[in-house]
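Novice: Pasted the sequence and its predicted model underneath.
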Amino acid sequence: MAYQITLTDEEYTSLAAVAAERGQPVDALVHEIIADRLHTRPQPPCDPLIREMLCAGHLAALPTHEPETPNMAAERERLARSIRPGQSAADMVIEDRGPRE
């Protein structure tokens, strides 16, 4: 089944320009945009400090607050062990905290 939507002249002109740059038809571009928007989750709102840290390069991405999968945990541990072989990531964190006062 096919559906129709109404676009303004400006909206269609913008879509047509982007589609022409990519060398694809307008309808293919619209399908791509819709698929991208529907299959990606919106970023959760976060406080300005986290955004500032992201912009400064201290964070690689905004936190998603999703539970860590076993594969993600294993990869994190593998990377940590590549930095200090023989020491777990948890031990590195405890060591980096320093003595308790």
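Specialist: Nice, I can see it.

Novice: So which other helices or strands are in contact with the host helix or strand of L79?
Specialist: Element membership of L79, judged by DSSP states H and E, is helix 70-83. Using 3 or more Cβ pairs under 8 Å, 6 or more residues apart in numbering; DSSP states H and E as the contact criterion, the neighbours of helix 70-83 among helices and strands are helix 89-97. C-beta here means a position set from N, CA and C on the backbone, and glycine is covered the same way.

Novice: now the angle from the helix it packs on to helix 70-83?
Specialist: For helix 89-97 and helix 70-83, the angle between their directions (axes from the mean of the first three to the mean of the last three Cα atoms, to 10 degrees) works out to 50 degrees.

Novice: Please compute how far helix 89-97 lies from its chain's middle.
Specialist: Computed by Cα atoms, centre = their mean, to the nearest Å, the separation of helix 89-97 from the middle of its chain amounts to 27 Å.

Novice: Equivalent analysis for stretch 27-39, please.
Specialist: Shown here is stretch 27-39, whose average C-alpha point lies 17 Å from the average C-alpha point of the whole chain (Cα atoms, centre = their mean).

Novice: By mean pLDDT, flag the weakest helix or strand of this structure.
Specialist: For the chain, counting by mean pLDDT, DSSP states H and E, helix 89-97 ranks last in confidence among helices and strands (a mean of 78).

Novice: and for that helix, what are the contacting residues?
Specialist: By Cβ atoms under 8 Å, 6 or more residues apart in numbering, the surrounding residues in contact with helix 89-97 are R76, E77, A80, R81, I83, R84, Q87.

Novice: quick one: which of these is nearest E68?
Specialist: Sorting the contacts of helix 89-97 by how near they are to E68, with Cβ to Cβ, puts R76 at the top with 7.7 Å.
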